[in-house]
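**Q** Pasting the sequence and the predicted model now:
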Amino acid sequence: MHACTTAVFDLDGTLLDTLEDLHLSTNAALAAHGMPARTRDEVRRFVGNGIALLIHRAVPAGTPLATEEAVLEDFRRHYAEHCDDHTAPYPGIEVLLAHLRAAGTRLAVVSNKADFAVQELVARQFPGTFGAVIGENEAAGVRKKPAPDMVRVALERLGAGPEGLVYIGDSEVDVQTAASCACPAVICSWGFRDRAALVSAGARVIVDTPAQLERVLLAGVR
């Protein structure tokens, strides 16, 4: 058993249901350039590797790079204004986090979402909850997930070592991130991937509710 003393969470699809706001901002950016809209399920499949790749997947095949970059900037502007319109924690998440804090668990968020949005959403939705909050910032030389860099930065900010680290997410990127950090992964089935995709990605411990996640983290991950 691997006792959890530090829990590092993904954000979108794990702690927060952000899909509707991502969907609306994607389609607003596409519409500004006369491009066809994407469905919620398409956007669900496109997220996980940062907003640049989200937009690359959303624009029509063969879109010139300069146009794709313009769509990305329009997405950034729209999402900055509307990132919290429909976004909320999944039911049970706030109770889970309160119980983990009461147990003395160190908590962090590590997300491939742009850092400006990560900081804003976490500050609004979970004020004072996390000891480290890290969004995408490859310009500073910190590679995004599944590279281990962001998790390592989070551990430094928490003043923690890798012992007792458990990584929690909802996608194949998160399975790969935990592997790159050589730590256990607990993967949530309520997020942006279905269970079959999670199993195919190599997830070994899958939980269906925040209450089940709490039990796994406090009891220890096999």
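**A** Structure's in. What do you need?
**Q** what about stretch 159-174, average pLDDT?
**A** The average pLDDT for stretch 159-174 rounds to 96.
**Q** for it, how far is the first residue from the last?
**A** By Cα to Cα, to the nearest Å, the extent of stretch 159-174 from end to end equals 22 Å.
**Q** Show me what counts as buried in it.
**A** 160, 164-174 (16 or more other Cβ atoms under 10 Å). Heads up, the C-betas are built off the backbone N, CA and C, glycines and all.
**Q** farthest pair in those?
**A** Longest distance between any two of the buried residues of stretch 159-174 is 25.7 Å, between Ala160 and Glu172; criterion Cβ to Cβ.
**Q** so for whichever strand in the chain runs longest, what's the average pLDDT?
**A** When the chain is parsed with DSSP state E, its longest strand is strand 106-114. Regarding strand 106-114, the rounded mean pLDDT is 95.
**Q** care to break this protein down by domain?
**A** 6-17+88-219, 19-82 (automatic domain parsing).
**Q** among the ones you listed, which is the most enclosed?
**A** Stretch with highest mean neighbour count among these: domain 6-17+88-219 (a mean of 19; mean count of other Cβ atoms under 10 Å).
**Q** any idea which element Val151 lies in?
**A** helix 149-158 (DSSP states H and E).
**Q** now the angle between strand 106-114 and that helix, please.
**A** With axes from the mean of the first three to the mean of the last three Cα atoms, to 10 degrees as the basis, helix 149-158 and strand 106-114 are set at 140 degrees to each other.
**Q** Model confidence for the residue with the largest distance to the centre of the chain, exactly?
**A** Centroid-distance maximum for the chain: Gly34 at 29.3 Å, with Cα atoms, centre = their mean. The score at Gly34 is 97. That number is its pLDDT.
**Q** Please confirm that it is located within a strand.
**A** No: under DSSP: H, G, I helix; E, B strand; the rest coil, Gly34 sits outside any strand and is assigned coil.
**Q** which strands and helices sit next to the helix holding Val151?
**A** strand 6-9, strand 106-114, strand 132-136, strand 165-169, helix 172-181 (3 or more Cβ pairs under 8 Å, 6 or more residues apart in numbering; DSSP states H and E).
**Q** any chance of those in JSON lines, with distance to Ala211 too?
**A** Below are the helices and strands packed on helix 149-158 laid out as JSON lines (distance: least, Cβ to Cβ, whole Å):
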{"stretch": "strand 6-9", "distance to Ala211": "15"}
{"stretch": "strand 106-114", "distance to Ala211": "17"}
{"stretch": "strand 132-136", "distance to Ala211": "24"}
{"stretch": "strand 165-169", "distance to Ala211": "14"}
{"stretch": "helix 172-181", "distance to Ala211": "20"}
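**Q** So for Arg76, which of those sits nearest?
**A** That would be strand 106-114 among the helices and strands packed on helix 149-158, by Cβ to Cβ, at 7.0 Å.
**Q** Tell me which other helices or strands the closest one touches.
**A** Using 3+ Cβ pairs under 8 Å, 6+ apart, strand 106-114 sits against strand 6-9, helix 93-102, helix 115-125, strand 132-136, helix 149-158.
**Q** Any idea which of those gets closest to Glu214?
**A** helix 93-102 (5.0 Å).
**Q** Good, wrapping up.
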